[in-house]
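**Student:** Dropping the sequence and predicted coords here.
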Amino acid sequence: GVTWRSTTSLKMAKQGAPGVESLFQELDNFIQENEYAQAIKVCDKILSQQPDDQDAFTCKVICLVRDSQFDAATSFMDTNKALAQGLVFERAYCHYRNKRLDEGLALLRTVPKPKPARVMELEAQLLYRKEEYAQAAAVYEDLIRQHKVQSPELSANLLAAYSEAHMTKEGEGLVARSKDAMRESFELAFNAACIAIASGHFEEAESYLQLAEKVCTEALNEEEDYDADEVHDELAPVLVQLGYCCQMLGKHAPAMELYTKALKNKQADLAAGAVAANNVVVIKRSHELFDSYKKLKSATTEAVEQKLSSTQRRVINFNKCLVYLHMNKPEDLRKQIELLREPQGDGEAVTLVLAAQLVREKKAEEAEALLAQFSKGKGKGGLRTQLSLAQMHLSRNEHGAALAALQGVAPEHSHRPGMVATLAALQQHAGDSEGAFRTLRENIEWHEKQGGGDEQYATLVKAHGTLLMQAGKHEEAARMYERLVRKDKNDLIALTSLIIATSHFNPDMAEKLLGARLPPLAGVDKVDAEALENLAPLRTIRPKEEAPVEAAAPAPASQQDKGKAKGKGKEMEKGKGKESQQAPSTGKPTPSSSSSAATAEKKKRKRKPRLPKSYDPKVPPDPQRWLPKYERTNYKLTRKDKEKAKKKAAQAEQLGKGSQGSSAQLQPVASARPPPAGRMVQEVKDVRPLNHGKKKKGKK
């Protein structure tokens, strides 16, 4: 940021003073060797001989800045305001490094136009640090346009401003123009990945990050000053951002591996380490809570928070609230909530967490009052607040109150198909069918004013038509479906629904629609309709069940065997009656024998119903007589049964409390660090993660 003046011109200006000339030569040597502490001493010697020497004064200021003595540089400039009058840029740069951003901006805005390039670049950096990203991007654009300046560092910073300002369209255009430069600058490739993340293209972001990792590794390996640990430190933001992309794509195992790799060296980039720790907690969710608590505590120290943006601090502190909620630490939770109240600007999420804690403490009425108060004030129309209120009312079967809560949702959310369907269902449950029709009709009209060509509009129209058909309003349903058919003639669902609705009140018209609008079926022209009509109807014939076949005994070879056979035949006569008439030679039953066996099977003995001894036909039987005794209403619980019932009720109540906090989930953060001039910045995301966690090992 701070540039040197030519030392040759300084020496030529002092040819008349031999002692001063030699001091300037010594000063030049120290500056070339980057020995700024020695250069400052030489400047003091020159100024002791010539206190009003402008060049010595300027050199000392720049040496102090290069030696990171920003307060000393500011104080020195205050000693001689006449000589410091032309050092507006240097003074503003000191304010920038000391995080006095407003003072630095005020100084730079006093510079007359056209402003020098370095002044405009520092102004853009100050705006970026103030998180006024759109204004920073505008200054960068003016710098490129006015001074025809184009460099990978400047493009990287402009991409960072676009990413944070969510100007994805402009960012994608700059990325397309910087494809070749990305192979030389890993900062540019990294911030191109941030633009892809802001657009939701995580796979594309992965490719840019892999390119950034490759370019950075190759560039640092060529320099002898970097060892393996230092290369790893430089790659930490890239690894964390790669892990974030994997996490958003549902690949939690690779994400955990990348986060763990980035967290190995605790002396690495503080912002990257904090983001990695937060995202590990998000993956673990309610598992290993103590480890999550330690990670988030290390990510919220004062030194780390100075490196984070306000969005990153808000997400990390909010996740800390959720960890306290799961760990059942109400006092710590309330203290953390106070830190998040106003400065961070996420009142709705904080209110939901506090309401969940109140429900856990069996203070459901206080939780409801808190949500109702917030919904009437700053959180008016908030989607999550109104849904939570509706959930609490429905848990007590208060459908009217739930309907009123959902009707208070802000207009930008109230026209969603899910919200409209819920409202209509609640109105129908309350017996207000006309109200349900009106809700659907008003939302359909709203979508028509917006263009009416999206999928949500078609979903609402079909739902309205179905509801009208159920109510018997076929003509109105036909008009609904006709709207869709006019917009899309290929919508077969709408067309068939139109024909069905029309058939109820105008069969002729329905037949015309059937013939004129429905597309022909493939292969029907080859089918002979008359031949199909003359076909005999198919009949299903069930096979008759035959009586079991008994093998006939062989003819006896002797008189003794014959007697035995006769005796056996008599026994069969006694037992089965007509069984003795079976023919012995064929091995198959005769028709008469099979029919008699079938009639014998059909005749079943009828038994009289068994009634209890104390049965009274005048007294109706107990309807619960078939239930076990412990399930009957008049059953008296024993002491063990009462204890079991209390345990079940406590478990059910605990589950109910968990659902109240379901709308507030842990949020991952994309890696980011705000750059000094010429450095990179990364995009921050605030999204809902998927569930993943490690299993605890048992004791051996």
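**Tutor:** Yes, it's here.

**Student:** low-confidence ranges in the stretch 401-550 of the chain?
**Tutor:** 452-453, 515-525, 536, 538-550 (pLDDT under 70).

**Student:** try 50
**Tutor:** For the stretch 401-550 of the chain, applying pLDDT under 50 flags the ranges 548-550.

**Student:** So which residues of it form helices?
**Tutor:** In the stretch 401-550 of the chain, the helices defined using DSSP state H, counting those that start in this stretch lie at 411-414, 417-429, 433-449, 455-470, 474-487, 492-503, 507-516, 529-534.

**Student:** which stretches of the stretch 551-700 of the chain have low pLDDT?
**Tutor:** Within the stretch 551-700 of the chain, the ranges that satisfy pLDDT under 50 run 551-594, 655-664, 672-700.

**Student:** Give me the buried positions along stretch 71-91.
**Tutor:** Neighbour counts using 16 or more other C-beta atoms under 10 Å place 72, 73, 74, 76, 77, 83, 84, 87, 89, 90, 91 of stretch 71-91 among the buried residues. Glycine gets a C-beta too; all of them are placed from N, C-alpha and C.

**Student:** which element is the closest residue to the first one other than its chain neighbours on?
**Tutor:** What sits nearest to residue 72 in space, not counting adjacent residues and going by C-beta to C-beta, 6 or more residues apart in numbering, is residue 64, at 5.2 Å. Here residue 64 is covered by helix 54-66, with elements defined by DSSP states H and E.

**Student:** So which of the helices of the stretch 401-550 of the chain is nearest residue 616?
**Tutor:** Across these, residue 616 has its closest neighbour in helix 417-429 (44.5 Å, C-beta to C-beta).

**Student:** same for that closest one, what does it pack against?
**Tutor:** Secondary-structure packing of helix 417-429 (3 or more C-beta pairs under 8 Å, 6 or more residues apart in numbering; DSSP states H and E): helix 399-407, helix 433-449, helix 455-470.

**Student:** helix/strand/coil for residue 254?
**Tutor:** When classified by DSSP: H, G, I helix; E, B strand; the rest coil, residue 254 comes out as helix.

**Student:** Save the helices and strands packed on helix 417-429 as CSV, and put in distance to residue 500 and mean neighbour count too.
**Tutor:** Converted to CSV, those look like this (distance: least, C-beta to C-beta, whole Å; neighbours: other C-beta atoms under 10 Å):
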stretch, distance to residue 500, mean neighbour count
helix 399-407, 31, 18
helix 433-449, 19, 16
helix 455-470, 8, 19
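
**Student:** how about those, which one is nearest residue 108?
**Tutor:** Residue 108 lies closest to helix 433-449 among those, at 46.6 Å (C-beta to C-beta).

**Student:** which other helices and strands contact the closest one?
**Tutor:** Applying 3+ C-beta pairs under 8 Å, 6+ apart, one finds that helix 433-449 contacts helix 417-429, helix 455-470.

**Student:** Can I get those helices in TSV including distance to residue 165?
**Tutor:** Listed next are these as TSV, based on distance: least, C-beta to C-beta, whole Å:
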stretch	distance to residue 165
helix 417-429	30
helix 455-470	28
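
**Student:** So for residue 252, which of those sits nearest?
**Tutor:** Closest approach to residue 252 among these (C-beta to C-beta): helix 417-429, 27.7 Å.

**Student:** Wait, residue 217 touches residue 228, no?
**Tutor:** No - in this structure, residue 217 is not within contact of residue 228 by C-beta atoms under 8 Å, at 10.4 Å.

**Student:** Neighbour count for these two, which is higher?
**Tutor:** Using other C-beta atoms under 10 Å as the criterion, residue 217 and residue 228 rank with residue 217 on top: 17 against 9.

**Student:** what helix or strand does that one sit in?
**Tutor:** In the assignment (DSSP H and E), residue 217 maps to helix 202-222.

**Student:** Just the element for residue 99, please.
**Tutor:** If you go by DSSP H and E, residue 99 is not part of any helix or strand.
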